[in-house]
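Trainee: The following comprises the amino acid sequence and a computationally predicted model.
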Amino acid sequence: MGLQLPDIYKNKISIRRSISKGVVSTAKTAKSVREVPLFDVLKPYVDVQIQIARKQKSFYLFSNNGKHLYGVDTIRGKKPYGAWAKLLSDIDIPYRKIYNTRHTFITAMLKSGELSVLEIAQIVGHTNTKMILENYARFIKGEHLKISRSFDPFKRRGDMDGDIRGDTDKMQLS
């Protein structure tokens with residue numbers, strides 16, 4: 001909500017501030033202040049929003065008549081009549097909190113396999129990977145079944161005979 005036009009540069013978005021109940025403030029925590037990549041898929045939408053902001057002579061990426069938005073309620077509105085509820089209804093998705101978009105984003109990044117858990121944690125402003133693993137990885141079912149079947153956890157390495165420790169071929173199997 002607090003993004004300003006200068007916060008978007010060189011394919012990055014700088015997260016520095018938030019807006020709540022009309023008050024512009026610094027980000028919630030020190031870790032919340034961060035730079036995140038501007039994904040190619042997002043660029044066209046950001047470019048349109050930049051054009052709208054410039055047309056309204058607004059410093060803020062998201063604005064209403066040139067002034068920053070009051071807060072998330074400006075988008076959410078009152079359930080079940082607000083813009084968020086209407087959007088979900090229009091695209092035939094049952095109502096859910098707007099915050100769920102964050103959960104969906106994190107889960108999609110995890111499931112893609114394109115980013116490490118550490119990279120995802122840094123993008124979303126978590127201090128470590130624990131939060132990601134505890135709160136989001138559980139929503140991804142069956143990923144372990146998608147691994148390559150040619151993987152050999154007992155593959156010989158170097159001069160060793162047998163498994164990694166090199167001791168199983170010396171064991172007497174009964």
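Mentor: Received it, and whenever you're ready, just let me know what you need.
Trainee: I'd like to know which elements the least confident helix or strand in the chain by mean pLDDT is packed against.
Mentor: One helix or strand of the chain scores below all others by mean pLDDT, DSSP states H and E: helix 72-76, with a mean of 79. Counting contacts by 3 or more Cβ pairs under 8 Å, 6 or more residues apart in numbering; DSSP states H and E, helix 72-76 packs against helix 83-90. C-beta here means a position set from N, CA and C on the backbone, and glycine is covered the same way.
Trainee: could you give me the average pLDDT of the helix it packs on?
Mentor: Averaged across helix 83-90, the pLDDT comes to 88.
Trainee: Residues in contact with the helix or strand just after it: which ones?
Mentor: Going down the chain from helix 83-90, the next helix or strand is helix 100-112, by DSSP states H and E. Helix 100-112 is contacted by residues Leu115, Val117, Ile120, Ile123, Val124, Ile132, Tyr136, Ala137, Phe139, Ile140, Glu143 when judged by Cβ atoms under 8 Å, 6 or more residues apart in numbering.
Trainee: quick one: which of these has the most company?
Mentor: Highest neighbour count within these: Tyr136, with 22 neighbours (other Cβ atoms under 10 Å).
Trainee: Tell me how far that residue lies from Leu61.
Mentor: 26 Å (Cβ to Cβ, to the nearest Å).
Trainee: again, but for Met131
Mentor: Look at Met131 and Leu61: by Cβ to Cβ, they are 27 Å apart.
Trainee: ditto for Val46
Mentor: Applying Cβ to Cβ to Val46 and Leu61 gives a distance of 8 Å.
Trainee: again with Ser20
Mentor: Distance of Ser20 to Leu61, computed by Cβ to Cβ: 16 Å.
Trainee: I'd like the average pLDDT over the host helix or strand of Arg54.
Mentor: Assigned by DSSP H and E, Arg54 belongs to helix 43-55. The average pLDDT within helix 43-55 is 94.
Trainee: got the contact list for that helix?
Mentor: Applying Cβ under 8 Å, 6+ apart, the external contacts of helix 43-55 come out as Leu5, Ile8, Leu38, Phe59, Tyr60, Leu61, Phe62, Ser63.
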